[in-house]
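K.L.:
need a 3D model of the following:
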Amino acid sequence: MAGCVAPLGPGYAIEKQEIRVQFKSSPEPRIAIEAAYQLKNTGNRPLSSLEVRLPGRRRFHFDQPLATWDGAAISEELPPANPRNTLLHFPQPWLMNSSHTLHLSVEFQPSAPGDSGLSFASDAFFLPSGGWSPELLPAHGFLSTGGVPPKKWELQVRVPNGFLIHTSGSKVKTSRGAGELTLHALQKPEDRYPFIIAGRYTESQVVSGSEKVLLWSRARQDSGALRQSSDALARAIQSYDAVFGSRSKDAHPLWIVECPAVPGCFTQLRSVNAQLLGEEGDATTAELASLDTLMVDATGGTPKLAAAAAPSLAASWLGYGQNPGFFEQDPPLSEFTAFAAATGREAVEGPSVRVATIRRALRLIPQDPGAPKKDTEDVLRAKSFLFFYALQDRYGQEAFRKAVHHMLDARRGKGFDLDDLIAAFGEETHQNVAEFVRLWMKHPGVPADFRARYGDASAAAAIF
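P.N.:
Numbering: from 1, shown residues only. As a prediction, this is how the structure comes out:
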């Protein structure tokens, strides 16, 4: 069908695309976004409208966006079937084979105090991977097409002089003028969703084997404390490399960046893994903003930087932004990232963390024979988390490492599921791994031998 010369349904092509972002620090901080598209009707009929997905108002604060078609304002409507989107109506039908220019503009404002929306300061801001830029949707109709960005397009970022900038894509050029720094970054399909981080940051470097980490803070840090945190981060990275293999086939640095404003910095206000990982309190302290960039709450100071960053950084090794369905796994793989995070915490804080973490999760799983025949959602999460420790105990650390390496490398960019995990362990151990998985996941509670291995007086008492 893709090879047909004649179009089979309504559709259009984005022949050229450019997104321009300007950060205005005064009188109040603002982020102005302008997106320009050169569009051609490549379908089999004229089009009367185009559906666009604008940034979500729960995450971003902005006034009414402006849309023009060949320079003239066009009407907008919220589709009843999906109020998350905006329907743009053309003044005249968009004829087949004709080209037009669509321009969209919006201005983000910091969130109000107490609001969970994205916020920023007068000296720093970030736009996470996905969600902030307009998204053109396919035309309506059977066998419709459209909305796919061109293979190359430009992201332009303008910020005050003195800012550091980190974006997706490859830097083409930078220029200075009128007190501003302008960066042009070429975006390609492998860059996926664009992101931007910029501000008056101070940069420090950490090198761990083949990994280079850039620490961006808004104030100079004590060299001794920074070295201690750097060493801890290096241990976490080495641990991830050892257990899960290389993070990416392409060598590029990791960025760990202080949040411009902690309120509104994270999409999840409370860590879903707090009980399992034993975090102080349950507030989120770090979150990936892109495949290679982690935003952190640095209010605890440099000494706590590694402990805050290491767990969230784990997702970068398991396919964040690379594997389809990364956030939609079924148990037990839904807790694979939590297990990876615990591995990083163990590397930072010492091997004693392993037993303490396992015992903490065991307390969430009842051992009463009269317990329900089906695990509750919280119990299933804890059991799925412990499942990976059980794999290590059953087959050994080295076999675990090799099997996970094999699975992640073979399925990079394709996603993986429980069958892939079973196949990788079966190939490595030549044992009936499927039976072991059934023993763990198809029966309520955890096997008695595992509880006996790690249980203690406190673990014996369930919280139910």
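
K.L.:
so what touches stretch 90-99?
P.N.:
12, 15, 38-50, 69, 72, 74, 100 (CB atoms under 8 Å, 6 or more residues apart in numbering). In short, each C-beta sits where N, CA and C put it, glycine included.

K.L.:
I'd like to know which of those are buried.
P.N.:
The neighbour-count test (16 or more other CB atoms under 10 Å) marks 12, 39-43, 45, 47, 49-50, 69, 74, 100 as buried among those.

K.L.:
nearest to residue 154, of these?
P.N.:
Nearest to residue 154 among the buried ones among the contacts of stretch 90-99 is residue 39, at 16.5 Å by CB to CB.

K.L.:
how close does the closest one get to residue 156?
P.N.:
Look at residue 39 and residue 156: by CB to CB, to the nearest Å, they are 19 Å apart.

K.L.:
who touches the helix or strand where residue 224 lies?
P.N.:
Using DSSP states H and E, residue 224 sits in helix 223-244. Contact partners of helix 223-244, identified using CB under 8 Å, 6+ apart, comprise 204, 206-209, 211, 213, 215, 247, 254, 256, 301-303, 305-307, 309-310, 313-314, 317-318, 340, 343-348, 400-401, 404-405, 408.

K.L.:
show me where pLDDT drops low in the stretch 101-250 of the chain?
P.N.:
Under the criterion pLDDT under 70, the flagged ranges of the stretch 101-250 of the chain are 208-211, 222-223, 248-250.

K.L.:
repeat the analysis, applying 80 as the threshold.
P.N.:
For the stretch 101-250 of the chain, residues meeting the criterion pLDDT under 80 lie at 113-114, 116, 192, 206-211, 219-231, 233-234, 246-250.

K.L.:
which parts of it are strands?
P.N.:
In the stretch 101-250 of the chain, the strands defined using DSSP state E, counting those that start in this stretch lie at 124-127, 135-136, 153-160, 164-167, 170-177, 180-187, 196-199, 202-208, 211-217.

K.L.:
residue 8 is nearest to which of those strands?
P.N.:
strand 135-136 (19.8 Å).

K.L.:
what does that closest one contact?
P.N.:
With CB under 8 Å, 6+ apart, strand 135-136 has contacts from 14, 37, 50, 51, 52, 53, 102, 146, 147.

K.L.:
repeat that for 6 Å
P.N.:
Applying CB atoms under 6 Å, 6 or more residues apart in numbering, the contact partners of strand 135-136 are 52, 53, 147.

K.L.:
ok now it, how far from the chain's centre?
P.N.:
19 Å (CA atoms, centre = their mean, to the nearest Å).

K.L.:
repeat that for stretch 387-407.
P.N.:
How far stretch 387-407 lies from its chain's middle: 25 Å, per CA atoms, centre = their mean.

K.L.:
do stretch 9-27 as well
P.N.:
22 Å.

K.L.:
and if you look at stretch 231-244?
P.N.:
From the chain centre to the centre of stretch 231-244 is a distance of 20 Å (CA atoms, centre = their mean).

K.L.:
then stretch 402-410?
P.N.:
21 Å.

K.L.:
and it, what's its mean pLDDT?
P.N.:
On average, the pLDDT along stretch 402-410 is 92.

K.L.:
quick check: buried residues in it?
P.N.:
In stretch 402-410, counting by 16+ other CB under 10 Å, buried: 402, 403, 404, 405, 406, 407, 408.

K.L.:
could you chop this protein up by domain?
P.N.:
Domains of the chain are assigned by automatic domain parsing as 12-199, 202-318, 333-454.

K.L.:
save these as JSON lines, and put in distance to residue 326 too.
P.N.:
Shown next, in JSON lines, are these (distance: least, CB to CB, whole Å):
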{"stretch": "domain 12-199", "distance to residue 326": "12"}
{"stretch": "domain 202-318", "distance to residue 326": "7"}
{"stretch": "domain 333-454", "distance to residue 326": "8"}
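
K.L.:
quick one: closest of those to residue 6.
P.N.:
Of all the domains of the chain, domain 12-199 comes closest under CB to CB, at 7.3 Å.

K.L.:
quote the end-to-end distance of that closest one.
P.N.:
End-to-end distance for domain 12-199, by CA to CA, to the nearest Å: 38 Å.

K.L.:
so residue 276 touches residue 363, yeah?
P.N.:
No: with contact defined as CB atoms under 6 Å, residue 276 does not count as touching residue 363 (10.6 Å).

K.L.:
list the buried ones in the helix or strand containing residue 393?
P.N.:
Using DSSP H and E, residue 393 sits in helix 377-395. Buried residues in helix 377-395, defined by neighbour count with 16+ other CB under 10 Å: 379-392, 394-395.

K.L.:
quick one: whichever helix or strand comes after it to helix 377-395, angle?
P.N.:
Toward the C-terminal end, the helix or strand that comes next after helix 377-395 (DSSP H and E) is helix 397-410. Helix 397-410 and helix 377-395 are oriented at 110 degrees to each other (axes from the mean of the first three to the mean of the last three CA atoms, to 10 degrees).

K.L.:
got the CA positions of helix 397-410 in CSV?
P.N.:
The C-alpha coordinates for helix 397-410 follow below in CSV (Å, rounded to 0.1, in the frame of the first residue of the first chain):
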residue,chain,number,x,y,z
GLN,A,397,24.6,-13.2,39.4
GLU,A,398,26.6,-14.1,36.3
ALA,A,399,23.9,-16.0,34.5
PHE,A,400,21.4,-13.2,35.4
ARG,A,401,23.8,-10.6,34.0
LYS,A,402,24.4,-12.5,30.7
ALA,A,403,20.7,-13.2,30.2
VAL,A,404,19.6,-9.6,30.7
HIS,A,405,22.4,-8.4,28.5
HIS,A,406,21.2,-10.7,25.8
MET,A,407,17.6,-9.7,26.0
LEU,A,408,18.1,-6.0,26.1
ASP,A,409,20.6,-6.0,23.3
ALA,A,410,18.5,-8.3,21.1
